[in-house]
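> could you look at this predicted model? Sequence included:
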Amino acid sequence: MNRHLIPNEDTIAAIATPPGNGSIAIIRISGPKSSYILELIFRPGRGNVKGRALDPHRLYHGHIFNPSTNDIADEVLCVLMRSPNSYTGEDVVEIHSHGGHLVPKRILEILFGLGIRPANPGEFSLRAFLNGKMDLTQAEAVSDIINARTEEGLKQAELQLEGALSQRIGGFKEQTLDILAEIEAQVDFPEDEIGPIAKEGMVNRINSLISGIRSLMETYEEGRILKHGVKTAILGKPNVGKSSLLNMLLTKERAIVSPLPGTTRDFIEESIDVRGIPLVLIDTAGIRKTYDEIEHEGVRLAKKKAEEAELLLIVLDGSEALDSDDIEVLQGAAGRRAIFILNKSDIGIKFTPEALPSVIHRDRIVHTSAKLGTGTEELKDAIRGLLTSGNAHTDGSEIILTELRHKLALEKAANGLISFLNLLKNGDSPEFLAIELRAALDSLGEITGEVTTEDILGRIFSKFCIGK
Ligand SMILES: Nc1nc2c(ncn2[C@@H]2O[C@H](COP(=O)(O)OP(=O)(O)O)[C@@H](O)[C@H]2O)c(=O)[nH]1
Ligand SMILES: [Mg+2]
């Protein structure tokens, strides 16, 4: 175990609630000085005898004051949680003050004046990890819960916090350890050579372990989408109804809709939840040949956004035949993940699929009327189907990978196991076989954090928010 990489003798504090106007702010303190500091700055209200130590895990009403001036900073509720029964595993104090910008800042300044240090982003969770309150996947899940964009994403983060991923990894580790024990026994008792039947059994066990690891790795594509969302550009020539479609999907009037072609010149970005998948929708200027300088800039920007996007929603006016502007847009969709929307279906469909350039998938066509609001459900189904290729893992009950770090470590573990198999087949000595198995175990240990470095931890926790 690589615990206690970073000494945490110092006591840290941060505002744990978001800045701005809220009714309550929570100031969090963690470290050995927490309880002493609380006694210095907190005067319990009626019913509590001043000077008596506060019982842990009880909420007290009273006032925070500045011990050097005796000025009252705020009327608060506060609680002391004694180590190890706290989030970080250390003594923790939480002060519930009035919200807004000034009061919590005033309390923080009193704390900093008493030698408490401002917490770094994610430092409370880092301490929770270092003190063995949770493993690394669980600490990462805390941040995922805060940042979840859809219910499905939240469910996955909650599963991970409960330890579902650690359990899967633990299973892989146990199987590897069993085989390592057999190999090591052979190092100690070389006369008990592994017979051909035992060897074959070992090969089968390793192969099924590798396929278990790979099937977990395959869930990453879906997990990544769930966690980070999918950049989706709405493209089409002017006036086909792109902005109307954006508004329809958002169920609000976000973009300006106008019968004048070329109204949307900039771009608009909005997030929505499509069947559990977070989409970042980008409405762009219509793509067409133009001599207007500003519109031309809009078209350039639209093409750039299309390149950066992972999914294209290509909008066509289905009530008209395709023209050269449509063809240009469609050609840009060659080889891309795209859905073709025939809008204005309320006027009637004149468009024929045969007119589509041959590079286009004909089975991804959806009819909509942004005017009447029809076709939304079909469009959402088509988006979900295309992004999960129909084989979604997320019914929410089974853990999927949402973190590239986990996938890369699993890949390393699988590679170690493959090297082991090759050496085993070659009849290499057990010492060498054991090295490969230990490397695979280390890679699995990186995921849960048993094997880690300050660098890895720094990278993970610096992405957290302050106060978490
Ligand atoms: N009949 C009909 N008109 C639509 C539909 N969608 C958009 N329009 C109209 O087409 C015009 C252009 O719409 P807009 O969303 O601004 O198109 P954009 O230039 O592609 O963003 C507006 O007058 C809309 O009211 C539709 O489904 N049916
Ligand atoms: Mg528009």
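Now that the structure is in, tell me what you want to look at. Bear in mind that the values here come from a model prediction, so they are computed numbers and not experimental data. Ligands and ions are numbered 1, 2, ... in the order given.
> can we go C-alpha only for contacts and neighbour counts from here?
Will do.
> next, count neighbours for the residue lying closest to Thr388 once chain neighbours are set aside.
Excluding the flanking residues, the one nearest Thr388 by C-alpha to C-alpha, 6 or more residues apart in numbering is Glu222, at 6.4 Å. Using other C-alpha atoms under 10 Å, the number of residues around Glu222 comes to 21.
> tell me the residues of this protein that contact ligand 1?
Listed as neighbours of ligand 1 in the chain under the rule C-alpha under 6 Å from any ligand atom: 238-244, 257-259, 261, 286, 343-344, 346-347, 369-371.
> CA-only coordinates of stretch 364-377 in CSV, if you can.
This file holds the C-alpha atoms of stretch 364-377, laid out as CSV (Å, rounded to 0.1, in the frame of the first residue of the first chain):
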residue,chain,number,x,y,z
ARG,A,364,-30.6,7.0,-40.7
ILE,A,365,-33.4,9.2,-42.0
VAL,A,366,-35.9,10.8,-39.6
HIS,A,367,-38.9,12.9,-40.6
THR,A,368,-39.7,15.9,-38.4
SER,A,369,-41.9,18.9,-38.3
ALA,A,370,-40.3,21.5,-36.1
LYS,A,371,-43.4,23.6,-36.7
LEU,A,372,-45.8,21.0,-35.3
GLY,A,373,-43.2,19.4,-32.9
THR,A,374,-43.5,16.0,-34.5
GLY,A,375,-40.7,13.4,-34.9
THR,A,376,-38.9,14.3,-31.7
GLU,A,377,-39.2,10.8,-30.2
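> near ligand 2 at all, it?
No: Stretch 364-377 lies out of reach of ligand 2 by C-alpha under 5 Å from the ion, never closer than 12.4 Å.
> for that stretch, which outside residues touch it?
241, 244-245, 248-249, 318, 338-346, 378-379, 382 (C-alpha atoms under 8 Å, 6 or more residues apart in numbering).
> any of those buried? List them.
Among these, those scoring as buried are 241, 244-245, 248-249, 318, 338-346, 379, 382 (criterion: 16 or more other C-alpha atoms under 10 Å).
> the residues of the chain next to ligand 1 in helices, which ones?
242-244 (DSSP state H).
> let's have those in a markdown table, adding distance to ligand 2 and pLDDT.
A markdown table is the format used below for those (distance: C-alpha to the ion, whole Å; pLDDT from 0 to 100):
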| residue | distance to ligand 2 | pLDDT |
| --- | --- | --- |
| Lys242 | 5 | 93 |
| Ser243 | 4 | 91 |
| Ser244 | 7 | 93 |
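> show me what the helix or strand bottoming out on mean pLDDT in the chain is packed against.
Every helix and strand in the chain was compared by mean pLDDT, DSSP states H and E; the lowest is helix 293-308, with a mean of 85. Judged by 3 or more C-alpha pairs under 8 Å, 6 or more residues apart in numbering; DSSP states H and E, helix 293-308 is in contact with strand 230-235.
> sticking with the closest residue to ligand 1 within the stretch 1-150 of the chain, tell me its helix or strand.
As assessed by C-alpha to the nearest ligand atom, ligand 1 sits closest to Arg149 within the stretch 1-150 of the chain, at 26.3 Å. Remark: Arg149 resides in no helix or strand, with elements defined by DSSP states H and E.
> go on, the one 5 residues further on?
With secondary structure defined by DSSP H and E, Leu154 is part of helix 151-162.
> touching that helix from outside, list them.
Contacts for helix 151-162 (C-alpha under 8 Å, 6+ apart): 137-139, 141-142, 144-145, 148, 165-166, 226-227, 276-277, 394, 396, 399-400.
> among the residues of the chain next to ligand 1, name the buried ones.
Buried among the residues of the chain next to ligand 1 by 16+ other C-alpha under 10 Å: 238-244, 257, 286, 343-344, 346, 369-370.
> name the element the nearest residue in space to Ala413 that is not next to it in sequence belongs to?
Nearest non-adjacent residue to Ala413, counting by C-alpha to C-alpha, 6+ apart: Ala440, 4.1 Å away. Per DSSP H and E: Ala440 is located in helix 430-448.
> mean confidence score for that helix?
For helix 430-448, the mean pLDDT works out to 95.
> so how far is Ile110 from Asp178?
When C-alpha to C-alpha, to the nearest Å is applied, the distance between Asp178 and Ile110 equals 55 Å.
> what sits against Glu446?
Glu446 neighbours (C-alpha under 8 Å, 6+ apart): 409, 452.
> 750 is where my numbering starts, stick with that
Shifting the count to begin at 750 puts that one at Glu1195.
> what's in contact with the lengthiest strand in the chain?
Taking DSSP state E as the criterion, the chain has its longest strand at strand 821-830. With contacts defined as C-alpha under 8 Å, 6+ apart, strand 821-830 is touched by 784, 803-815, 840-847, 852, 855-856.
> quick one: buried residues of it?
822-830.
> let me know the next secondary structure element after it.
strand 841-847.
> now do the buried residues in whichever helix or strand comes after that following strand.
As assigned by DSSP H and E, the chain's next helix or strand after strand 841-847 is helix 851-862. By neighbour count on 16+ other C-alpha under 10 Å, the buried set for helix 851-862 is 852-854, 856-857, 859-860.
> restrict those residues to those near ligand 2?
Of the buried residues of helix 851-862, not one also sits near ligand 2 (C-alpha under 5 Å from the ion).
> columns pLDDT on top of these, output as TSV?
As requested, those are exported to TSV (pLDDT from 0 to 100):
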residue	pLDDT
Val852	95
Pro853	96
Lys854	96
Ile856	97
Leu857	97
Ile859	97
Leu860	97
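> now do the helices in the stretch 1100-1217 of the chain.
With helices called from DSSP state H, counting those that start in this stretch, the stretch 1100-1217 of the chain shows them at 1125-1137, 1153-1175, 1179-1197, 1203-1210.
> most packed of those?
Among the helices of the stretch 1100-1217 of the chain, helix 1179-1197 has the highest mean neighbour count (mean count of other C-alpha atoms under 10 Å), at a mean of 21.
> how about the CA coordinates for that one, as CSV?
Extracted in CSV, the C-alpha atoms of helix 1179-1197 (Å, rounded to 0.1, in the frame of the first residue of the first chain):
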residue,chain,number,x,y,z
PRO,A,1179,8.4,-19.7,-13.1
GLU,A,1180,10.4,-16.7,-12.0
PHE,A,1181,9.7,-15.0,-15.3
LEU,A,1182,6.1,-16.1,-15.4
ALA,A,1183,5.6,-14.6,-11.9
ILE,A,1184,7.0,-11.2,-13.1
GLU,A,1185,4.3,-10.9,-15.8
LEU,A,1186,1.5,-11.8,-13.3
ARG,A,1187,2.8,-9.3,-10.8
ALA,A,1188,2.9,-6.6,-13.5
ALA,A,1189,-0.8,-7.4,-14.4
LEU,A,1190,-1.6,-7.2,-10.7
ASP,A,1191,0.1,-3.8,-10.4
SER,A,1192,-1.9,-2.5,-13.4
LEU,A,1193,-5.1,-3.6,-11.7
GLY,A,1194,-3.9,-2.0,-8.4
GLU,A,1195,-3.5,1.3,-10.2
ILE,A,1196,-7.2,1.4,-10.8
THR,A,1197,-8.2,1.1,-7.2
